[in-house]
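Undergrad: coords below, sequence missing:
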């Protein structure tokens, strides 16, 4: 498996190191995953990540770059008057990604999605698995409670229920004035 990560590192300029996935949660892959349907805006509503929870009006603009021979899922993270971006590389065209962000390599899973209403993401930090990131996003700044409950039920079914207590709401007050999604 380390060989695959080294191949990705030829594409992205960081030091080649293996990722110890055995410390990550065992996330089932989404059957018949279509990355093209994930393109667009996703608003983070709840997160188990201290850095993300502190941001207001946080959302992600995503696009694809398939011109390089390998598909790259490009993510621009936007909050308040700030932004940054990172690249995600699907592993064998699945819902599992190698993510390169701020010089770090992480394994990331799209846990579940219906492509239109919600997406649930898990980012593994193998050096400290209990602090791994987890979040639930929708396409809109307002969230339908039924959609959030459905997303959380999927998290329980998949076996990630131990992450649910860490979820915190993101502050989206006055976001409509700042952004038009």
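TA: In hand now; what should we look at? A quick note: this is a predicted structure, and the numbers were derived from the prediction, not measured.
Undergrad: quick one: the helices in the protein?
TA: Listed from the start of the chain, the chain has helices (DSSP state H) covering 2-11, 50-53, 145-158, 175-178.
Undergrad: buried residues of the longest one, list them for me.
TA: Judged by neighbour count using 16 or more other C-beta atoms under 10 Å, the buried positions of helix 145-158 are 147, 148, 151, 152, 154, 155, 158. For every residue, glycine as well, the C-beta is placed using N, CA and C.
Undergrad: quick check: bridge partners of the residue nearest to the spatial centre of the chain?
TA: Closest residue to the average C-alpha location of the chain: residue 121 at 4.2 Å, with C-alpha atoms, centre = their mean. Judged by DSSP bridges, the bridge partners of residue 121 are residue 110, residue 135.
Undergrad: for it, report the pLDDT, please.
TA: On the pLDDT scale, residue 121 is placed at 96.
Undergrad: how about the strands in the protein?
TA: 40-47, 59-65, 72-79, 82-90, 96-101, 104-113, 119-124, 133-138, 168-169 (DSSP state E).
Undergrad: distance between the first one and the chain's centre?
TA: Just to be clear, that refers to strand 40-47. For strand 40-47, the gap between its own C-alpha mean and the chain's C-alpha mean amounts to 9 Å (C-alpha atoms, centre = their mean, to the nearest Å).
Undergrad: ignoring the adjacent residues along the chain, who's closest to residue 56?
TA: Beyond its immediate neighbours in the sequence, the residue positioned closest to residue 56 (C-beta to C-beta, 6 or more residues apart in numbering) is residue 171, lying 4.6 Å away.
Undergrad: quick one: the one you found from residue 163, how far?
TA: Computed as C-beta to C-beta, to the nearest Å, the residue 171 to residue 163 distance reads 21 Å.
Undergrad: who has more neighbours out of these two?
TA: residue 163 (20 against 13; other C-beta atoms under 10 Å).
Undergrad: look at the closest residue to residue 94 other than its chain neighbours and say how many residues are nearby.
TA: Take residue 94 and drop its neighbours on the chain: the residue closest to it by C-beta to C-beta, 6+ apart is residue 29, 4.8 Å away. If you count neighbours by other C-beta under 10 Å, residue 29 ends up with 14.
Undergrad: same check on the one 5 residues further on?
TA: As a burial measure, residue 34 scores 11 neighbours (other C-beta under 10 Å).
Undergrad: ok, now which ones touch it?
TA: When contacts are counted by C-beta atoms under 8 Å, 6 or more residues apart in numbering, residue 34 touches residue 115.
Undergrad: residue 90 contacts residue 64, correct?
TA: No - the pair residue 90 and residue 64 fails to qualify as a contact (C-beta atoms under 8 Å) at a distance of 9.9 Å.
Undergrad: shared neighbours, those two?
TA: Taking C-beta under 8 Å, 6+ apart as the contact definition, residue 90 and residue 64 share the neighbouring residues 35, 71, 73.
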